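Student: give me a 3D structure for the following:
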Amino acid sequence: EGKEVKVAEWGKGQLVGELALLFNAPRAATVKAKTDAVCWAIDRFTFRNILKDVSQAATKTNAEFLKKVKLLQALTQAERNKIAEALEEKVFAKGSTIIKQGDHGDCMYIVKSGAMNAYVDGNEESVHSYGPGDFFGEKALMDDQSKGIRAATIICDTEAILLQLDRNAVFGLLGPIHDELKERSANYSSQKASDVALVTTNAKDWKCTEWKLDDLKKGKVLGKGSFGIVCIVTD
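Tutor: Below you'll find the predicted structure:
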């Protein structure tokens with residue numbers, strides 16, 4: 001009703017007023033100096049150019065890092081570049097909870113730096129640990145039985161930097177490895193599906209034979225599409 005309400009307070013090194021520059025919007029609040037202050041002002045054009053340069057540098061750095069992520073090595077560099085553009089970098093302090101078992105999940109994470117552990121059902125003993133190049137959180141997105149619910153709680157063992165990929169990006173950009181992600185999610189509690197190949201040997205009997213991928217020799221790539229890569233393998 002016309003009364004001013006304090007919603008935030010800024011200090012040295014903090015930024016204010018950027019939203020109006022980013023979105024061509026009117027100022028959303030009035031900012032008043034509490035003490036004598038010295039501020040640096042920057043115009044819209046310069047601000048956007050700086051952001052563009054920073055964003056391009058971060059994307060290039062992340063694209064190089066993604067080469068080291070085993071899951072993404074089957075992709076082309078162009079495909080990894082698109083993923084890098086969609087990533088959002090998140091910083092977590094030691095001891096912080098990244099995801100919590102039972103919560104709804106709408107993104108997955110790739111570990112850029114740091115270490116973390118997974119816990120289930122409130123047990124203090126870790127069931128899995130993660131480090132740079134590892135990823136988690138895909139089960140809630142890919143496994144139909146999960147219904148979008150997180151299967152474990154992930155807690156930082158150290159300060160960590162994670163690369164977050166939201167649901168739309170996962171389904172839109174990870175098409176070539178979609179099946180691998182889904183199988184890995186379905187076999188979360190047992191064996192990684194990427195270590196086993198199940199092949200139907202007879203269409204009538206629908207019998208399955210199991211081989212280790214290490215026992216098979218990878219040959220020529222037959223095709224590559226939105227939902228996977230098809231190649232010839234021999235025993």
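Student: do a quick rundown of the helices in this protein.
Tutor: For the chain, the helices defined by DSSP state H occupy 18-23, 44-66, 77-86, 139-142, 167-173, 178-186.
Student: okay, the ones you listed in CSV with mean neighbour count, mean pLDDT and distance to residue 130 next?
Tutor: No exception for glycine: its C-beta is placed from N, CA and C like everyone else's. Formatted as CSV, the helices of the chain follow (neighbours: other CB atoms under 10 Å; pLDDT from 0 to 100; distance: least, CB to CB, whole Å):
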stretch, mean neighbour count, mean pLDDT, distance to residue 130
helix 18-23, 12, 77, 33
helix 44-66, 13, 85, 15
helix 77-86, 16, 89, 19
helix 139-142, 22, 84, 13
helix 167-173, 16, 86, 18
helix 178-186, 18, 72, 14
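Student: how far off centre is stretch 127-146?
Tutor: How far stretch 127-146 lies from its chain's middle: 10 Å, per CA atoms, centre = their mean, to the nearest Å.
Student: pull out the buried residues from that stretch.
Tutor: Residues of stretch 127-146 classed as buried: 130, 133-143, 146 (neighbour count, 16 or more other CB atoms under 10 Å).
Student: do stretch 26-40 as well
Tutor: So for stretch 26-40, nothing qualifies as buried (16+ other CB under 10 Å).
Student: what's the span of that stretch from first residue to last?
Tutor: 20 Å (CA to CA, to the nearest Å).
Student: so what touches it?
Tutor: With contacts defined as CB atoms under 8 Å, 6 or more residues apart in numbering, stretch 26-40 is touched by 4, 7-10, 16-17, 19-20.
Student: tell me which helix or strand in the chain has the weakest average pLDDT.
Tutor: strand 196-200 (a mean of 35; mean pLDDT, DSSP states H and E).
Student: before we move on, back to that, could I get the buried residues of stretch 127-146 as JSON lines with distance to residue 111?
Tutor: Compiled in JSON lines, these are given as follows (distance: CB to CB, whole Å):
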{"residue": "130", "distance to residue 111": "5"}
{"residue": "133", "distance to residue 111": "7"}
{"residue": "134", "distance to residue 111": "5"}
{"residue": "135", "distance to residue 111": "7"}
{"residue": "136", "distance to residue 111": "8"}
{"residue": "137", "distance to residue 111": "11"}
{"residue": "138", "distance to residue 111": "13"}
{"residue": "139", "distance to residue 111": "16"}
{"residue": "140", "distance to residue 111": "17"}
{"residue": "141", "distance to residue 111": "17"}
{"residue": "142", "distance to residue 111": "18"}
{"residue": "143", "distance to residue 111": "20"}
{"residue": "146", "distance to residue 111": "21"}
